[in-house]
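A.B. asks: Compute the structure for the input listed below.
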Amino acid sequence: MRILTYLYPRHRRRRITLLLFSSISFIVVYVFYTNGGDIPMPTQGLRPAIFPTADGSSSSSGDGGGGSGIIKLDDSSAAALALQRPLTPMSYGTAARPPFKGLDNLVADLPAEHVPGLGGGAPRRLVIVGDVHGMRPALDALLAKVGFDRRRGDHLVLAGDMVSKGPDTPGVVALAMELGASAVRGNHEDRVLLARAALDAQLVPGTEGADPDAAAAAPVSKEKRGLLSSLFGGGGDDARRRAQDQAAWEEKAAKAEAQGERWQQVKDSDARARAGGPDRMEENPFSHGDAADRETAASLSPQQVQWLASLPVVLRVGRVPGSALNRVLVVHAGLVPGIDPEAQDPWAAMNMRSLVYPGDDERRQQIREELEKKAKQRAHGISALTARVTDKQVEAELRRLKAAAAASQQQQGGNSSVQEVALPVDGHSGEPWHEAWNRHQLSLPPAERTTVVYGHDARRGLAVDEKALPYTFGLDSGCSRGNQLSALVIEAAGGDGGAVTHKVVQVKCDKAAE
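C.D. replies: Model prediction:
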């Protein structure tokens, strides 16, 4: 023992103990992370769009290719398309959006007989309407105001989000079907279709197949509810909540019963069983916050659901002869500039509002450091220690440098804008996508430019500015919030070969939602 004490004094023994502890900790951490692939990851956002380097020319297919602000995607880069796709599952709030299945109709072409100025020789109009959101009276009023007449060749196009929020989703869909309207799938149609599939399968949205945990979503009888309450508690608060739920559902059931045939569709779904008690799909451990979507879905007939499911994400109107709009696309939310319609991500096309550029973060940091350095050089004494640079100054300098770089490239005969990697996001945190789209179109030859008509962004409201934004028309003017319902009317006044004009028409809406 004395020999060990001599060979390994106390301070050496402490070092050995620390070394052993560190080694064991390292091994544990290493094993944990090397096996971390089996750990479920939370819902993730979009992966950055990665596009091959352009060849320097500005040639384009018009709807995509070439590019201002976005690197051109050439034919040899099909493998890179997957990197532009969002990681799955995407999210609707807390609801996971499963991978797209059966969405074969990503892009559809409007029949030529509906395009103003093509064929027939008679005057005709294309009436493109923004987000209706179940507001049937407002849609009726708008069509009356524009004098819509299908017999004279008028054709209705709905830019998505016909459903939800307002009081009469089935009425809006029925009118669209009756008029032979064209439409695109919006984020709310997508949500309602997912909810309807969940109701029909009695599964929780976001699960696939016979998930044993989905049994928790099934309706629970009154007897079982009493047993569960006695087993797991709840007391008076739980009883009062159940009574309130019961009264609410009885009121809904009474109203729906008066609608006759429409309530029969509710009876054929899980919602019928829920009419006698609390929403078990909402209360189960896989709650997704989609009760309103399920209620809307249950109100639709099978034919209406089938019609909604058949809608494309992008409607290609095509070239409009004699119009300043040139070629026209209709989409609900937006498109990434420089990408062909067929290569656009469907979730982004239904949900995006802005574009972020990952490379700009590094540029902002460099610009901030340079501006702070200059500010300190200009200041003297104590003021040099407190010299600050605002975010607004950084953004202004970033825009100035980008414009200077684009002008330099144009003078050298190259692309007129800085190549970027663009990431579409559903919030307003980045550059409005329509600004990037207009910048891109202005870099193309006039004959190759494309106009996009869209909705989705009630916060910005009607976004029509033909001087600053000549190649985008935003028609979501917040009808369900008590604002206006808007339509872009494209008219061939003189038949074939005549001038094609366009104008925006609006009507006031009653308020149905916040």
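A.B. asks: Report the residue spans of this structure with pLDDT below the cut-off.
C.D. replies: 1-16, 28-102, 118-123, 202-289, 379-387, 405-420, 494-498, 514 (pLDDT under 70).
A.B. asks: and Ser22, what helix or strand is that in?
C.D. replies: helix 10-34 (DSSP states H and E).
A.B. asks: What are the contacting residues of stretch 161-176?
C.D. replies: The contact list for stretch 161-176 (C-beta atoms under 8 Å, 6 or more residues apart in numbering) reads 131-137, 139-140, 156, 158, 181, 183, 186-189, 191-192, 262, 292-293, 296, 299-301, 304, 307-308, 332, 455-456, 476, 479-480, 512-513. Glycine gets a C-beta too; all of them are placed from N, C-alpha and C.
A.B. asks: what's the domain layout of this protein?
C.D. replies: 2-38, 75-185+311-357+420-508, 190-288, 358-403 (automatic domain parsing).
A.B. asks: mind checking the SS state of Ile128?
C.D. replies: Look at Ile128: counting by DSSP: H, G, I helix; E, B strand; the rest coil, its state is strand.
A.B. asks: ok, it touching Asp476?
C.D. replies: No. Applying C-beta atoms under 8 Å, one finds Ile128 not in contact with Asp476, separated by 12.0 Å.
A.B. asks: Now the common contact residues for the two.
C.D. replies: Going by C-beta under 8 Å, 6+ apart, residues that sit against Ile128 and also against Asp476 are Ala159.
A.B. asks: Would you confirm that Asp104 belongs to a strand?
C.D. replies: No. Asp104: not assigned to a strand; according to three-state DSSP it is coil.
A.B. asks: any idea how far Gln366 is from it?
C.D. replies: 46 Å (C-beta to C-beta, to the nearest Å).
A.B. asks: neighbour count winner among the two?
C.D. replies: For Asp104 versus Gln366, neighbours defined as other C-beta atoms under 10 Å are more numerous around Gln366 (12 against 8).
A.B. asks: Show me what the helix or strand where Leu194 lies is packed against.
C.D. replies: Following DSSP H and E, one finds Leu194 within helix 187-201. Packing partners of helix 187-201 (3 or more C-beta pairs under 8 Å, 6 or more residues apart in numbering; DSSP states H and E): strand 95-97, helix 291-298, helix 302-309, helix 346-351.
A.B. asks: between it and helix 302-309, what angle do the directions make?
C.D. replies: Orientation check (axes from the mean of the first three to the mean of the last three C-alpha atoms, to 10 degrees): helix 187-201 against helix 302-309 gives 130 degrees.
A.B. asks: ok, and for helix 187-201, which residues are buried?
C.D. replies: Across helix 187-201, burial judged by 16 or more other C-beta atoms under 10 Å covers 187-199, 201.
A.B. asks: helices and strands around the strand or helix carrying Arg439, which ones?
C.D. replies: Assessed by DSSP H and E, Arg439 sits inside helix 433-442. Contact analysis of helix 433-442 by 3+ C-beta pairs under 8 Å, 6+ apart lists strand 354-356, strand 450-454, strand 469-474 as its packing neighbours.
A.B. asks: change it to 10 Å
C.D. replies: strand 354-356, strand 423-425, strand 450-454, strand 463-465, strand 469-474 (3 or more C-beta pairs under 10 Å, 6 or more residues apart in numbering; DSSP states H and E).
A.B. asks: of those, which approaches Arg327 most closely?
C.D. replies: strand 450-454 (4.6 Å; C-beta to C-beta).
A.B. asks: And stretch 307-322, what's buried?
C.D. replies: For stretch 307-322, by 16+ other C-beta under 10 Å, it's 307-309, 311-322.
A.B. asks: swap that for stretch 146-163, sorry
C.D. replies: Within stretch 146-163, judged by 16+ other C-beta under 10 Å, the buried ones are 146, 148, 153-163.
A.B. asks: So which of those residues belong to strands?
C.D. replies: Those of the buried residues of stretch 146-163 mapping onto strands are 155-158, per DSSP state E.
A.B. asks: Let me have the residues you listed in JSON lines, extended by distance to Ala343.
C.D. replies: Converted to JSON lines, those look like this (distance: C-beta to C-beta, whole Å):
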{"residue": "His155", "distance to Ala343": "27"}
{"residue": "Leu156", "distance to Ala343": "28"}
{"residue": "Val157", "distance to Ala343": "23"}
{"residue": "Leu158", "distance to Ala343": "24"}
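A.B. asks: Name the nearest of those relative to Ser23.
C.D. replies: Leu158 (65.6 Å).
A.B. asks: For the closest one, list each beta-bridge partner.
C.D. replies: Note on Leu158: beta-bridge partners Val129, Ala183, judged by DSSP bridges.
A.B. asks: got the contact list for it?
C.D. replies: 127-132, 139, 172-173, 175-176, 179, 181-184, 186, 189, 311, 315, 330, 332, 455, 487 (C-beta atoms under 10 Å, 6 or more residues apart in numbering).
A.B. asks: again, but for Gly334
C.D. replies: Contacts of Gly334 (C-beta under 10 Å, 6+ apart): 344, 348-355, 424, 426, 432-434, 436-437, 452, 454-457, 472, 474.
A.B. asks: What subset of these is buried?
C.D. replies: Among the contacts of Gly334, the ones that count as buried (16+ other C-beta under 10 Å) are 344, 348-355, 424, 426, 432-434, 436-437, 452, 454-457, 472, 474.
A.B. asks: does Ser195 really touch Leu308, like I thought?
C.D. replies: Heads up, residue 195 is Ala, not Ser. No. Applying C-beta atoms under 10 Å, one finds Ala195 not in contact with Leu308, separated by 11.6 Å.
A.B. asks: Find residues that contact each of those two.
C.D. replies: Ala297.
A.B. asks: still on that earlier bit, buried among the contacts of stretch 161-176? Make that a PyMOL selection.
C.D. replies: In PyMOL syntax, the buried subset of these is picked out as below (16+ other C-beta under 10 Å):
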select buried, resi 131+132+133+134+135+136+137+139+156+158+181+183+186+187+188+189+191+192+262+293+296+299+300+301+304+307+308+332+455+456+476+479+480+512+513
